[in-house]
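J.: Build me a model:
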Amino acid sequence: MPSISIRGRKMPESPIRKLAPFADMAKLKGHKVYHLNIGQPDIKSPKIAIEAIKKINLDIIEYGPSAGYENYRRKLAQFYTKQDVRVGFEDIMITTGGSEALLFALGSIMDPQDEVIIPEPFYANYSAFSAESSATVVPVISNIESGFTLPTIEEFEKAITPKTKAILICNPNNPTGYLYSESEINQLGELVKKHDLFLIADEVYREFIYDERDKHYSVMNLKGIEQNVIMIDSVSKRYSMCGARIGCMVTKNKEVIAAAMKFAQARLCPPTIEQIACEAAIDTPQSYFDEVISEYKERRDTLITELNKIEGVVVTTPKAAFYCIAQLPVDNTDDFAQWLLESYDLNGETVMVAPAGGFYSTPNVGLNQVRIAYVLKKEDLISAVQILKSAIITYNSK
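T.: Residues are numbered from 1 along each chain as shown. Purely as a prediction, here's the structure:
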């Protein structure tokens, strides 16, 4: 039998989805599963986007431009300008989700064996995207004790080699919920300027910030390195439209845009219907976001309060996004998470979490941690943590 590719063998499994078959089996047993493992909001999408879909009256759903419809890109540029991110429509490429935007960005700038430095823990698919681009991930570790602040510039300097091509960050951060300060972003800007590197920033959670004193600072606002910066964005979380699969890559570097266009042309075009919905979603009233942020802040506070009631759990309060990393009093959360679904229930209910080892590329780090997404209503979060507390006691006594 012919063998699959080396790249195919090296592609990591998703720590977020690899336990899905066990969750399915738990549901077949009649168990209710609280999904804390995946960032799928239960918040309704904006009515204005849903209505735009209902009003579509097309005789043919035809191919669109590879870069996305110009009217959508123009409106998106205006949206960013209102957020003090000044870009033109020609700096924006519409993609099939933020994932494709990252793939296009890495594919456009990385050669085989080039290195990309990423603070860890990081969104697990960054490893997959890097593997698809034949790039090597070089981690710099942040830790739970410091609240997952940006590693020191000295740590980044140590990681830079002649093969280093880029630094990739997620701000606000998935999976930690950390929000990088303006000072931290400026430090990174100075570093990439010094070493002439690309700085890629995944900013898809920019709206989800919970304290008024905290502000999101975009890498697109860095001065003097406009040609080094690439921003990734998506509608998935902003409008609770994960299934729309519309994102974008934003950069003032024309060579990067031209290279990415070759990838974009190969997949022909981003989805037509979804672009119509996303263009309409830009007009979502501020009241929608005010309600969403208020709801998530309450969920965050509820989750952290309940987790802190469990003896041995270590968790910091996330500043943004809707995730946290929790350190549990168990030896191996891969085994624990599978056991939760296969062998444990409390009154017919159990919990699905994402083992955090998959969010690190350094071996044997994060093995006693999980990522929790607080995308469920407060009552469900309380129930889920109560199950988790009982499960930890049972698991450690077996």
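J.: Tell me where the stretch 251-398 of the chain has helices.
T.: Along the stretch 251-398 of the chain, counting by DSSP state H, counting those that start in this stretch, helices occupy 254-266, 272-281, 286-307, 333-343, 378-397.
J.: my guess is Met241 meets Ile273, correct?
T.: No - with contact defined as Cβ atoms under 8 Å, Met241 does not reach Ile273; the gap is 11.9 Å. For every residue, glycine as well, the C-beta is placed using N, CA and C.
J.: Out of the helices of the stretch 251-398 of the chain, the one nearest Asp84 is which?
T.: Nearest of these to Asp84, taken as Cβ to Cβ: helix 286-307 at 15.8 Å.
J.: same question for that closest one, mean pLDDT?
T.: Averaging pLDDT along helix 286-307 yields 97.
J.: Same check on stretch 173-192?
T.: Per-residue scores along stretch 173-192 average to 97.
J.: Which positions within it qualify as buried?
T.: By 16 or more other Cβ atoms under 10 Å, the buried positions in stretch 173-192 come out as 173-181, 184-186, 188-189, 191-192.
J.: picking up where we left off before, of all the helices of the stretch 251-398 of the chain, which one is nearest Pro363?
T.: Of those, nearest to Pro363 by Cβ to Cβ is helix 333-343, at 13.3 Å.
J.: export that closest one as CSV, just CAs?
T.: The C-alpha trace of helix 333-343 is given here as CSV (Å, rounded to 0.1, in the frame of the first residue of the first chain):
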residue,chain,number,x,y,z
THR,A,333,-5.4,15.8,31.5
ASP,A,334,-5.4,13.8,28.2
ASP,A,335,-6.3,10.7,30.2
PHE,A,336,-8.6,12.6,32.5
ALA,A,337,-10.5,14.3,29.7
GLN,A,338,-11.1,11.0,27.9
TRP,A,339,-12.0,9.3,31.2
LEU,A,340,-14.6,12.0,31.8
LEU,A,341,-16.4,11.1,28.6
GLU,A,342,-15.9,7.3,28.7
SER,A,343,-16.3,6.4,32.3
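J.: Can you tell me what sits against it?
T.: Helix 333-343 has contacts (Cβ atoms under 8 Å, 6 or more residues apart in numbering) with 19, 22-23, 25-26, 33, 328, 330, 350-357, 367-370, 391-392, 395.
J.: can you state the direction angle for that helix and helix 378-397?
T.: 100 degrees (axes from the mean of the first three to the mean of the last three Cα atoms, to 10 degrees).
J.: Look up the closest residue to Met220, ignoring the ones flanking it.
T.: Counting by Cβ to Cβ, 6 or more residues apart in numbering, Met220 lies nearest to Val85, which is 4.7 Å off, once chain neighbours are set aside.
J.: Can you say which helix or strand has Glu51 in it?
T.: helix 47-54 (DSSP states H and E).
J.: Flag the helix or strand of this structure with the lowest per-element mean pLDDT.
T.: Each helix and strand of the chain was given a mean pLDDT (mean pLDDT, DSSP states H and E); the minimum falls on helix 6-10 at a mean of 81.
J.: buried ones in it?
T.: Within helix 6-10, no residue counts as buried by 16+ other Cβ under 10 Å.
J.: And it, what does it pack against?
T.: Here helix 6-10 touches helix 125-132, going by 3 or more Cβ pairs under 8 Å, 6 or more residues apart in numbering; DSSP states H and E.
J.: who's in contact with Thr149?
T.: When contacts are taken as Cβ under 8 Å, 6+ apart, Thr149 is in contact with 142, 178, 184.
J.: Surely the second one and Pro151 touch.
T.: No - Tyr178 is beyond contact range of Pro151, at 11.4 Å (criterion: Cβ under 8 Å).
J.: Could you count how many residues lie near Asn71?
T.: Neighbour count of Asn71, defined by other Cβ atoms under 10 Å: 12.
J.: same question, the one 3 residues further on
T.: Counted by other Cβ under 10 Å, the residues lying close to Arg74 total 15.
J.: What strand or helix carries it?
T.: Using DSSP H and E, Arg74 maps to helix 70-82.
J.: Now do the same for the residue nearest to Pro329 when sequence neighbours are not counted: its pLDDT.
T.: Leaving aside its sequence neighbours, Pro329 sits nearest to Gly312 (Cβ to Cβ, 6+ apart; 3.0 Å). Gly312 is assigned 97 on the pLDDT scale.
J.: contacting residues around Gly312?
T.: Gly312 makes contact with 328-329, 392, according to Cβ under 8 Å, 6+ apart.
J.: in terms of contact, does Glu155 touch Val140 like I think?
T.: Yes - when contacts are counted by Cβ under 8 Å, Glu155 is listed as touching Val140 (4.7 Å).
J.: Settle it for me: which of the two has more neighbours?
T.: Between Glu155 and Val140, Val140 has the larger neighbour count (other Cβ under 10 Å), namely 20 against 15.
J.: where's that one, which helix or strand?
T.: Secondary structure from DSSP H and E places Val140 in strand 136-141.
J.: Check which element follows that strand along the chain.
T.: helix 153-159.
J.: list the buried ones in that next one?
T.: Within helix 153-159, the residues scored as buried using 16+ other Cβ under 10 Å are 156, 159.
J.: Run through who's touching the least confident helix or strand of the chain.
T.: Contact partners of helix 6-10, identified using Cβ under 8 Å, 6+ apart, comprise 131-132, 134.
J.: Could you rerun that using 7 Å?
T.: By Cβ atoms under 7 Å, 6 or more residues apart in numbering, the residues outside helix 6-10 that reach it are Ala131.
J.: And the helix or strand just after it, how far out from the chain middle?
T.: Next along the chain after helix 6-10, taking DSSP H and E as the criterion, comes helix 20-28. Centre-to-centre, helix 20-28 and its host chain are 24 Å apart (Cα atoms, centre = their mean, to the nearest Å).
J.: Can you name every helix or strand that helix 20-28 contacts?
T.: Applying 3 or more Cβ pairs under 7 Å, 6 or more residues apart in numbering; DSSP states H and E, one finds that helix 20-28 makes contact with strand 32-35, helix 333-343.
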